[in-house]
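1. Got a predicted structure plus its sequence, pasted below:
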Amino acid sequence: MGGPSAEREVSLSSGRECADALRVAGFEVIEIKLGAELGTEIVTRLTEARPDVVFNALHGRWGEDGCVQGLLEWMGLPYTHSGVLASALAMDKTRAKAVLRAAGLPVMESIVADRDEVRARHVMPAPYVVKPNNEGSSVGVYIVAAENNGPPALDDKMPARVMVETYAPGRELTVAVMGDRALGVTEIIVEGWYDYDAKYMPGGSRHVIPAEIPQEITSACLDLAVRAHDTLGCKGLSRTDFRWDDTRGLAGLIILEVNTQPGMTPTSLAPEQAAHEGIDFPALMRWMVEDALWQA
């Protein structure tokens, strides 16, 4: 847990929760908190620990984009969540959308553009969203409304190339997939939009599970989440986020993205859905470890 990404604090919080629950589930747990220097540090720590399974609680770049997965493959260590290819693919939002679109799944149109060009002019008609192509947790997201006078003043910390996506209006829905099983549909209700604080601060958002939506939309969300999980080649636990424009019925349901390493904090959505299905947090942790061993 930890690491150098913009989601370091989320990873540390997830890691603490997972470690505690794994101990309750009966496992011997060694916590490895990583800093910015990853290469030799992680190899040394893992060589010393000699774990049966690595529970990967890293988030963001390096931790869920296939890099640490490749290292663990090289070291011959079983690990939780998705493998190298699915992790790298899902983290690259543009390529993931291309694969989902080719499989017939509904996604919004988007382009990749230079940061300076996006600052200088509207590269697509507003409303649209600007985000890094390979970050999560709503890090560095700009919403450009139709009434804005000019293009967004992107922070210098944004990458040189960014994704610009047509804004998807509607209600925020999400579905966790556990192996081959969709757990349920949660609606996320928040004042404003679902940013970093809304995701991770207590009281930042309200979760309604099961979502109070028509059965047709519930069934579609469950089906699309499993199909997205399978299409990208995910393993273990994933979470697919949707927007649903309830004025358009089924045609208004759009996949925003697939998260191969959902958060495991006290306010996280996947553990909440598992609990609603009668799977408490230690039991979920046990399943993830046993699944990692089975997949190895």
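-> Ah, there it is. This is a predicted model, so every value here is computed, not measured.
2. And the spatially closest residue to residue 186 that is not a sequence neighbour, how close does it get to residue 108?
-> Distances taken as C-beta to C-beta, 6 or more residues apart in numbering place residue 209 nearest to residue 186, at 4.4 Å, with adjacent residues excluded. Any C-beta I mention is one placed from the backbone N, CA and C, and that applies to glycine too. For residue 209, the distance to residue 108 equals 25 Å [C-beta to C-beta, to the nearest Å].
3. so the residue nearest to residue 186 touches residue 184, yeah?
-> Yes: with contact defined as C-beta atoms under 8 Å, residue 209 reaches residue 184; the gap is 5.9 Å.
4. and for these two, which residues touch both?
-> Contact criterion C-beta atoms under 8 Å, 6 or more residues apart in numbering; residues shared by residue 209 and residue 184: 273, 276.
5. got a list of what residue 23 touches?
-> Per C-beta under 8 Å, 6+ apart, neighbours of residue 23: residue 29.
6. so which helix or strand takes in it?
-> Take DSSP states H and E as the rule and residue 23 turns out to sit in helix 8-24.
7. cool, residue 220 as well?
-> Assigned by DSSP H and E, residue 220 falls in helix 215-232.
8. Would you mind putting the CA coordinates of that helix into CSV?
-> Provided in CSV are the C-alpha atoms of helix 215-232 (Å, rounded to 0.1, in the frame of the first residue of the first chain):
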residue,chain,number,x,y,z
GLN,A,215,-35.9,-3.2,-13.0
GLU,A,216,-35.0,-2.9,-16.7
ILE,A,217,-32.1,-0.5,-15.8
THR,A,218,-31.0,-2.6,-12.9
SER,A,219,-30.8,-5.7,-15.1
ALA,A,220,-28.9,-3.8,-17.8
CYS,A,221,-26.4,-2.4,-15.3
LEU,A,222,-25.7,-5.9,-13.9
ASP,A,223,-25.3,-7.4,-17.3
LEU,A,224,-23.1,-4.6,-18.7
ALA,A,225,-20.8,-4.7,-15.6
VAL,A,226,-20.2,-8.4,-16.0
ARG,A,227,-19.7,-8.0,-19.8
ALA,A,228,-17.3,-5.1,-19.2
HIS,A,229,-15.3,-7.1,-16.6
ASP,A,230,-15.0,-10.0,-19.1
THR,A,231,-14.3,-7.9,-22.1
LEU,A,232,-11.3,-6.3,-20.5
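9. Next SSE downstream of that helix?
-> With DSSP H and E, the next secondary element past helix 215-232 is strand 237-244.
10. by contact count, what packs against that next one?
-> Strand 237-244 sits against strand 171-178, helix 215-232, strand 253-259, helix 269-276, with contacts defined as 3 or more C-beta pairs under 8 Å, 6 or more residues apart in numbering; DSSP states H and E.
11. what pLDDT, on average, does the third one get?
-> In this case it means strand 253-259. Strand 253-259 shows a mean pLDDT of 96.
12. hey, C-alpha coordinates of that strand in CSV?
-> This file holds the C-alpha atoms of strand 253-259, laid out as CSV (Å, rounded to 0.1, in the frame of the first residue of the first chain):
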residue,chain,number,x,y,z
LEU,A,253,-27.3,4.3,-19.9
ILE,A,254,-23.6,4.8,-20.4
ILE,A,255,-20.4,3.1,-19.1
LEU,A,256,-18.0,5.7,-17.7
GLU,A,257,-15.2,3.4,-16.8
VAL,A,258,-14.1,0.1,-15.3
ASN,A,259,-12.0,0.2,-12.1
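13. How far away from the center of its chain is it?
-> Its chain's C-alpha centre and that of strand 253-259 lie 10 Å apart, by C-alpha atoms, centre = their mean, to the nearest Å.
14. so what does that strand touch, helix or strand wise?
-> With 3+ C-beta pairs under 8 Å, 6+ apart as the test, strand 253-259 has helix 84-91, helix 93-102, helix 215-232, strand 237-244 packed against it.
15. Now do the third one against helix 93-102, angle only.
-> Same thing as helix 215-232. Following axes from the mean of the first three to the mean of the last three C-alpha atoms, to 10 degrees, one obtains 110 degrees for the angle between helix 215-232 and helix 93-102.
16. And for the first one?
-> For the pair helix 84-91 and helix 93-102, the angle between their directions (the same axes, to 10 degrees) equals 100 degrees.
17. With the last one instead?
-> Comparing the axes of strand 237-244 and helix 93-102 via the same axes, to 10 degrees yields an angle of 80 degrees.
18. Listing partners with orientation, what would you give for strand 237-244?
-> strand 171-178 (antiparallel), strand 253-259 (antiparallel) (DSSP bridges).
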